[in-house]
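Chemist: This is a predicted model, with the sequence first.
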Amino acid sequence: AQRVTQPEKLLSVFKGAPVELKCNYSYSGSPELFWYVQYSRQRLQLLLRHISRESIKGFTADLNKGETSFHLKKPFAQEEDSAMYYCAPLPYSGGGADGLTFGKGTHLIIQP
Amino acid sequence: DAGVIQSPRHEVTEMGQEVTLRCKPISGHNSLFWYRQTMMRGLELLIYFNNNVPIDDSGMPEDRFSAKMPNASFSTLKIQPSEPRDSAVYFCASSRAGQGFGAFFGQGTRLTVV
């Protein structure tokens, strides 16, 4: 099964500063990874999936197989980016559901 | 599609009472996950189903918790009897097999046991 770790529990940056939320994975095969975001008192929402190589709300994330990382980045932070961010693997491995266990997440605070 | 639908949105109950939380997954999704979220423990996976069959319930905290999925469009999480430490936000999520397909979450049920 795929496993991820987010080493930072809290990250505080000033508005306009670059943001990087770290995520490392441990999986010997080809991982499929996602970033989810949870704004205050709301549901978790899928933010990014590595397979689509998209940019959502200015965020990007590149899978680095050499470093086994999938860090979330944004060049200029905005106050509305303040939220909890979770890195998570694909809910499936092989032919069936493998559960979807989230780590503690990273609480991003953007200071004005 | 309206997304994953959970009911009720808020529930306040007295200790010892039975509580039933409901979830309607997205049509066509064949996996369903129940989570509990608290400040202390974060987001905990309680149980998940694949094709209506419970696959892993090792996250269910006690025998007071039970979950069912009688068909592909409905699941319940029941707590009987409820205790104050069960107070949390309970999320349901659904997904389906497929490359690049993540999980979609409901709005959650905020449970308060007094």
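Modeler: That came in fine, so what should we check first?
Chemist: Only C-alpha atoms from now on, for both contacts and neighbour counts.
Modeler: Noted.
Chemist: quick one, strands of chain A?
Modeler: A:3-5, A:10-14, A:19-21, A:24-26, A:33-38, A:44-49, A:60-61, A:72-74, A:83-89, A:92-93, A:96-97, A:106-111 (DSSP state E).
Chemist: same for the fifth one, what does it pack against?
Modeler: Of the remaining helices and strands, those touching strand A:33-38 by 3 or more Cα pairs under 8 Å, 6 or more residues apart in numbering or on different chains; DSSP states H and E are strand A:44-49, strand A:83-89.
Chemist: Now do it: everything it contacts.
Modeler: For strand A:33-38, the surrounding residues in contact (Cα atoms under 8 Å, 6 or more residues apart in numbering or on different chains) are A:44-51, A:70, A:72, A:83-90, B:102.
Chemist: how big is the angle separating it from strand A:106-111?
Modeler: Going by axes from the mean of the first three to the mean of the last three Cα atoms, to 10 degrees, strand A:33-38 is angled at 50 degrees with respect to strand A:106-111.
Chemist: Strand A:33-38 pairs with which strands, and in what direction?
Modeler: Counting by DSSP bridges, the strands paired with strand A:33-38 are strand A:44-49 (antiparallel), strand A:83-89 (antiparallel).
Chemist: Dump the C-alpha coordinates for it into CSV.
Modeler: Output of strand A:33-38 as CSV, limited to C-alpha atoms (Å, rounded to 0.1, in the frame of the first residue of the first chain):
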residue,chain,number,x,y,z
LEU,A,33,-0.8,10.9,-5.2
PHE,A,34,-3.2,13.7,-4.5
TRP,A,35,-3.5,16.9,-2.5
TYR,A,36,-6.7,17.7,-0.6
VAL,A,37,-7.6,21.0,1.0
GLN,A,38,-10.0,21.6,3.9
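Chemist: Counting neighbours, which bits of that strand end up buried?
Modeler: A:33-38 (16 or more other Cα atoms under 10 Å in any protein chain shown).
Chemist: One more: stretch B:30-44?
Modeler: So, applying 16+ other Cα under 10 Å, buried residues of stretch B:30-44: B:30-37, B:43-44.
Chemist: Please list which of those are also close to chain A.
Modeler: With the criterion set as Cα under 8 Å from any Cα of the partner chain, the members of those near chain A are B:31, B:33, B:43-44.
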